[in-house]
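Undergrad: my questions are about this predicted structure, shown below with the sequence.
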Amino acid sequence: MKKTIHQPEHLVLAEYLRDLRLKANLTQVEVAARLDVGQSRVSELERGLRRLDLMEISELAATYGTTLLDVVVGYEARLKRKRTDSKR
């Protein structure tokens, strides 16, 4: 298994997390303050420049008012759509 930020799947996750933040009506600054990190870290995560571990995704989910399970299910659905679209 490749562990790189340069996989298309990683970018799908980054975009999905950004969309969840926007849906929660939060700015990157607000998320950073809640997580006690710099705004640039949130930006890097959303642009796919940093890998995330499970605990970070769980913290982001809670910040966005959702659950880790919902994030995983939503990510998988988005990934499936993207793969289906690319086959067309």
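TA: Great, that's in hand.
Undergrad: spatially central residue for this protein, please.
TA: L17 (2.8 Å; C-alpha atoms, centre = their mean).
Undergrad: buried sites along the helix or strand hosting that one?
TA: In this assignment (DSSP states H and E), L17 forms part of helix 8-23. Neighbour counts over helix 8-23 (16 or more other C-beta atoms under 10 Å) mark H10, V12, L13, A14, E15, Y16, L17, R18, L20, R21 as buried. For glycine as for every other residue, the C-beta is placed from the backbone atoms N, C-alpha and C.
Undergrad: now do stretch 20-34
TA: Buried residues in stretch 20-34, counting neighbours by 16+ other C-beta under 10 Å, are found at L20, R21, L26, Q28, V31, A32.
Undergrad: give me the longest helix you can find in the protein.
TA: In the chain, taking DSSP state H as the definition, the longest helix is helix 68-87.
Undergrad: what sits up against it?
TA: By C-beta atoms under 8 Å, 6 or more residues apart in numbering, the residues outside helix 68-87 that reach it are 8-9, 12-13, 15-17, 20, 54, 57-58, 60-61.
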